[in-house]
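[1] pasting the structure only:
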């Protein structure tokens with residue numbers, strides 16, 4: 001009997017309270033990744049990131065050649081060095097190469113954040129403004145919100161993209 005009352009209570013709340021509430025709520029959504037991929041600012045940031053990444057790759061390739069050359073030089077001198085000294089020198093070279101690789105990855109990560117953070121901040125500001133001006137109750141970001149399906153009429157991605165392309169974005173660099 002208690003189970004029946006609980007089910008009846010839940011159904012009553014849904015039919016009379018929840019259904020009216022859901023119908024009254026205005027919900028929109030947008031896709032941040034699409035905005036970043038298709039906006040002028042996002043494309044410019046990606047181009048700048050790619051240029052820096054290519055430059056760093058060229059430096060890494062140069063460091064790799066230097067490492068290989070130093071290793072070959074060490075192999076030539078191995079008869080004059082004892083094994084312990086040779087192993088120590090090899091370990092130093094490898095640590096130096098690993099350190100440089102890690103520093104490069106950290107620089108690229110920071111650069112990506114520095115380039116994208118202002119765009120994301122401006123995008124969220126635009127979304128908040130749309131929410132306020134068009135009286136949305138909720139606006140959900142597709143990637144974070146876990147939307148499985150929604151009607152196209154509630155997709156604000158194009159509107160956000162257009163507003164972002166009209167605005168200027170301050171650089172954090």
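    Nice, thanks for sending it over. Just so it is clear, the model here is predicted, and its values are computed rather than measured.

[2] can you pull out the strands in this structure?
    With DSSP state E as the criterion, the chain has strands at 27-30, 138-141.

[3] Any regions of this protein where pLDDT drops low?
    The chain contains residues with pLDDT under 70 at 1-23, 78, 145, 148-149, 172-173.

[4] Show the residue spans covered by the helices in it.
    Taking DSSP state H to define them, one finds helices in the chain at 2-12, 19-24, 32-38, 40-76, 83-133, 142-145, 157-166.

[5] Can you spell out which helices and strands pack onto the fifth one?
    By that I understand helix 83-133. The contact analysis (3 or more CB pairs under 8 Å, 6 or more residues apart in numbering; DSSP states H and E) places helix 83-133 against strand 27-30, helix 32-38, helix 40-76, strand 138-141, helix 157-166. Placement of C-beta: from N, CA and C, glycine included.

[6] Residues contacting the last one, please?
    Judged by CB atoms under 8 Å, 6 or more residues apart in numbering, the contacts made with helix 157-166 from elsewhere in the structure are 29-31, 34-35, 38-41, 119, 122-123, 126-127, 129-130, 142.

[7] can you do 6 Å?
    Identification of contacts with helix 157-166 by CB atoms under 6 Å, 6 or more residues apart in numbering yields 30-31, 34-35, 38-40, 123, 126-127.

[8] Among the residues you listed, name the buried ones.
    Neighbour-count burial (16 or more other CB atoms under 10 Å) is assigned, among the contacts of helix 157-166, to 30-31, 34-35, 39, 123, 126-127.
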